[in-house]
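[1] Here is my input, please return the structure:
(one chain, ligands or ions: 2)
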Amino acid sequence: MRISSPVRMLASYARRYRLKIFLAVVFMLASSGLNVLPPYLFKSVVDDVLISRNTLMLNVICVCVIVIFGLKAVTMYLQRYCMNEAGQGVVMDIRNALYDHMMRMKLGTIYASRTGDLMSRITGDASTLQNIVTSTFIDLCFNLITFLGMFAFIIYLNWRLTTLIVIVLPFVGLLLSFAGKKLRAAGHNVQEHLADITATAQEAFSAVRVVRSFANEDEELERFREAGRGNYDALLKAVSVQGVLAGVIEVFLIAALAVVFRVGGMSVIDGELTPGELISFTGYIAFMVQPIRSVMNQMSYIQTGIASAERICAILGTPVEEDRGGHVHIPVIGRVTFQDVSFSYDRQEILHGINIDVEAGGKIAIVGPTGSGKSTIADLIPRFYEPSSGRILIDGRDISEFGLRDLRRQIGIVPQECVLMRGTVAFNIAYGMGDVDMARVKEAAEIADISAFIETLPEGYMTLVGERGVTLSGGQRQRIAIARAVIRDPRIMILDEATSSLDTASEHAVQKALNQAMKGRTSIIIAHRLSTIRNADRIYVLTEGRFTESGTHDELIARGGLYAGLYGNV
Ligand SMILES: Nc1ncnc2c1ncn2[C@@H]1O[C@H](COP(=O)(O)OP(=O)(O)OP(=O)(O)O)[C@@H](O)[C@H]1O
Ligand SMILES: [Mg+2]
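    Residues are numbered from 1 along each chain as shown. Ligands and ions are numbered 1, 2, ... in the order given. Below is the predicted model of the structure:
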């Protein structure tokens, strides 16, 4: 489902809560109706009590006022509660949908966005929307209804005086719509600057080592200050726009009131109007200023809210990974074929006409200079990206026919950069496997040659590792990543320089273990260190996105090309 407008999005999420919303509206109508009555009582106070000196009426009016306000309190409470039940629910659902969508968004889109910016949609924009949907929106409706109710009353009291008001109202309307536009722009500005603050801080924290090692704290602080100042200015501007507009509108209304009082006062003097009617009439107008002012204030919130909803919609409208395969399980045997595969991240083509064919259980290696596109080839197999032309087949079947998750679960990947999740070592090894018994975790750790190290940790397999495994070295992280790949017993193993951060001694150990782990599985190894790939069935040499040589180690050495040159240097 593609959601294009914020209102349609809100409406579609609100559908689930329609009963709650209906009740809230009923209570809102009741409470705003009750809000309209008090000024009318003024008329009775003046005309029936003060002028006619009627004690019974005085008592009745006093009791009425208490009852009206009591009922108003009850209906207000019920309305708030129902509306919050619905509103908070809607926002919670939207936030979850947003998170789910972000998790399934194409990797290219995620990499092209700032993480802080994405985060601020979940936090900032979602809570702005929360305030709007729950309190502001109700207050707005409440005030609008109160306003309309009071308007009906003044027509009833004296239509001639009302006409005077009606002449003024279109001007107020124009003023309000002008104000709305200004406030919306200001709201957008504030949100954007707020996201900028989050993104700036987030980036500095995630690159804290770089910041420290280049002693660049001052410059980072300056960038943060800059972002803060932007937000400060935007806020002040919004406040000033809002303040000026609210003031202008109020003066405008009070001036109108003075005119009405002048004309109405003359009518009372001429005996066309009772004093009570004039008092309740002007009372209504004075009371009407309050809803208009609130509407003004709330409009600015609403505009900010619409801006937030638009930003959320923009994310929900971005394409997600295509998953035509759905939930069907297709067991992978392991033959991997690239047919004339080309690929570009954006405009520039990175891979050109790549052809690979590896039998089930076979072992190939890809070597080549840095930036030639080796990791990119690896990323295409689990469909992190889609080729721009050509086909990738597993067991003769186009990989787009597999379910995304099903495909990825059957591929073991040891990435170039190993990120550990926040949790225990065991959790990290068994990541994504659900409940796995400890014996399997240990077995995998054994194969990855990391079990001895894990035993030395204070709580063994139950030791917590940080957000990015800060307590572990690069090589240790990499071996946990190897264990993580091995434990799933995948048919296809992709090792992106799995041994690059290991010292020579452990490299040999891991190499032996990996050879063990790769047995019977299709293995695709990417390495700078040629010693690790000597026994591959076929070695492909990648230069600037093209295979320039391929063959067995001996063939390539005999050929005396790039590979032989690289090997000679090792
Ligand atoms: N997410 C991305 N968006 C845009 N361009 C990218 C992205 N990732 C990599 N590239 C570009 O694609 C090219 C190939 O990158 P790739 O990571 O595949 O190289 P590599 O052969 O694995 O290099 P290394 O040996 O250093 O790991 C590089 O020019 C790189 O700048
Ligand atoms: Mg790489």
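
[2] sec struct for Leu393, please.
    strand (DSSP: H, G, I helix; E, B strand; the rest coil).

[3] ok now do the closest residue to Phe343 other than its chain neighbours, which residues does it touch?
    Of all residues not flanking Phe343 in the chain, Leu351 sits nearest, at 4.3 Å (C-beta to C-beta, 6 or more residues apart in numbering). Quick note: C-beta positions are derived from backbone N, CA and C, even for glycine. Residues near Leu351 by C-beta atoms under 8 Å, 6 or more residues apart in numbering: Val341, Ser342, Phe343, Ser344, Gly373, Thr376, Ile377, Leu380, Pro387, Gly545.

[4] separation between the nearest residue to Lys20 once chain neighbours are set aside and Tyr13?
    Excluding its sequence neighbours, the residue lying closest to Lys20 (C-beta to C-beta, 6+ apart) is Ala86, at 4.0 Å. Separation of Ala86 from Tyr13 (C-beta to C-beta, to the nearest Å) stands at 10 Å.

[5] Give me the more crowded residue out of these two.
    Ala86 (23 against 19; other C-beta atoms under 10 Å).

[6] Distance-wise, check that one relative to Gln130.
    12 Å.

[7] wouldn't Asp340 be in contact with Ile392 here?
    No. If you go by C-beta atoms under 8 Å, Asp340 and Ile392 don't touch, sitting 10.3 Å apart.

[8] hang on, the earlier thing: and the residue nearest to Lys20, how far is that from Phe137?
    10 Å.

[9] ok, back up a step: next one, pLDDT for the residue nearest to Phe343 please.
    Looking at Leu351, its pLDDT stands at 95.

[10] what do you get for Tyr345?
    At Tyr345, pLDDT is 89.

[11] what sits against it?
    Per C-beta under 8 Å, 6+ apart, neighbours of Tyr345: Gly108, Tyr385.

[12] where's it relative to Leu37, distance?
    Taking C-beta to C-beta, one finds Tyr345 at 66 Å from Leu37.

[13] thinking Gly361 is in contact with Gly520, fair?
    Yes. Counting by C-beta under 8 Å, Gly361 touches Gly520, with 5.6 Å between them.

[14] With neighbour numbers in mind, choose between those two.
    The residue with more neighbours, out of Gly361 and Gly520, is Gly361; 16 against 11, by other C-beta under 10 Å.

[15] Can you classify the more buried one by secondary structure?
    Quick answer, by three-state DSSP: Gly361 is coil.

[16] from here on, count from 21
    Sure, I'll start counting at 21 from here, so that last one is Gly381.

[17] what are the phi and psi angles of it?
    phi 80, psi 0 (degrees, to the nearest 10).

[18] Next: Ile559.
    According to degrees, to the nearest 10, Ile559 has phi -120, psi 130.

[19] Please name the nearest non-neighbouring residue to it.
    Ala385 (4.7 Å).

[20] Check the spacing between the one you found and ligand 2 real quick.
    14 Å (C-beta to the ion, to the nearest Å).

[21] Quick check: buried residues in whatever helix or strand Ala578 lives in?
    For Ala578, the host element (DSSP states H and E) is helix 573-579. Going by neighbour count (16 or more other C-beta atoms under 10 Å), the buried part of helix 573-579 is His573, Leu576.

[22] and Gly565, how many neighbours?
    22.

[23] Arg243 and Thr220 touch, don't they?
    Yes. Taking contacts as C-beta under 8 Å, Arg243 lies within contact range of Thr220: 5.6 Å.

[24] Would you mind telling me which of the two has more residues around it?
    The neighbour comparison of Arg243 against Thr220 (other C-beta under 10 Å) goes to Thr220, with 20 against 16.

[25] The more buried one is in contact with Gly250, isn't it?
    No. Contact criterion C-beta under 8 Å: Thr220 and Gly250 do not qualify, at 9.9 Å.

[26] Can you get me a residue count around Arg107?
    Just to correct that, residue 107 is Gly rather than Arg. Neighbour tally, Gly107, other C-beta under 10 Å: 27.

[27] tell me which parts of the chain are close to ligand 2?
    Contact residues, the chain versus ligand 2 (C-beta under 5 Å from the ion): Ser395, Gln436.

[28] do that again at 6 Å, thanks
    Lys394, Ser395, Gln436, Asp516 (C-beta under 6 Å from the ion).

[29] just checking, which of those residues belong to strands?
    If you go by DSSP state E, these have Asp516 in strands.

[30] I'd like the residues of the chain next to ligand 2 written out as a markdown table, with pLDDT added.
    Formatted as a markdown table, the residues of the chain next to ligand 2 follow (pLDDT from 0 to 100):
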| residue | pLDDT |
| --- | --- |
| Lys394 | 93 |
| Ser395 | 92 |
| Gln436 | 81 |
| Asp516 | 86 |
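
[31] Farthest-apart pair in the residues of the chain next to ligand 2, please.
    Greatest spatial distance among those (C-beta to C-beta): Lys394 and Gln436, at 8.9 Å.

[32] hey, where'd the helices end up in the stretch 21-170 of the chain?
    Under the criterion DSSP state H, counting those that start in this stretch, the stretch 21-170 of the chain contains helices at 26-34, 38-64, 75-124, 127-132, 135-140, 146-151, 157-177.

[33] would you turn these into JSON lines with mean pLDDT?
    Shown next, in JSON lines, are those (pLDDT from 0 to 100):
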{"stretch": "helix 26-34", "mean pLDDT": "83"}
{"stretch": "helix 38-64", "mean pLDDT": "86"}
{"stretch": "helix 75-124", "mean pLDDT": "90"}
{"stretch": "helix 127-132", "mean pLDDT": "86"}
{"stretch": "helix 135-140", "mean pLDDT": "83"}
{"stretch": "helix 146-151", "mean pLDDT": "84"}
{"stretch": "helix 157-177", "mean pLDDT": "83"}
